[in-house]
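# the sequence isn't on hand, but the structure is:
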């Protein structure tokens, strides 16, 4: 739900809509529930331009918040 909400609300490129599960150390060794998000690549011109604006930052934050709300059934 979090990935889908982020992708639909913020990410522009099609590959961004993929969920890539893995055995990530930063998550594996975490003592609390955690999410690892890669919201955008600054090397991708359109994404970098979007993240350089208040509107882009807000769109990213809203996508994350909506995904978390869906995950916790608050939305």
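Perfect, thanks for sending it. Since this is a predicted model, take the numbers as computed values, not measurements.

# can you show me the helices along the protein?
With DSSP state H as the definition, the chain shows helices at residue ranges 2-9, 25-28, 45-51, 54-71.

# winner for burial among those helices?
Among the helices of the chain, ranked by average contacts under mean count of other CB atoms under 10 Å, first place goes to helix 2-9 (a mean of 18). All C-beta atoms are positioned from the backbone trio N, CA, C, and that covers glycine.

# re the thing from before, in a markdown table, list the helices of the chain along with distance to residue 37 and mean pLDDT.
Putting these into a markdown table (distance: least, CB to CB, whole Å; pLDDT from 0 to 100) gives the following:
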| stretch | distance to residue 37 | mean pLDDT |
| --- | --- | --- |
| helix 2-9 | 7 | 67 |
| helix 25-28 | 11 | 88 |
| helix 45-51 | 13 | 86 |
| helix 54-71 | 7 | 86 |
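
# the ones you listed: which one's closest to residue 38?
helix 2-9 (9.7 Å; CB to CB).

# about what we covered before: possible to save the helices of the chain as CSV with distance to residue 35?
What follows is the helices of the chain, written out as CSV (distance: least, CB to CB, whole Å):
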stretch, distance to residue 35
helix 2-9, 6
helix 25-28, 8
helix 45-51, 19
helix 54-71, 8
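
# that's all I had, so thanks and see you.
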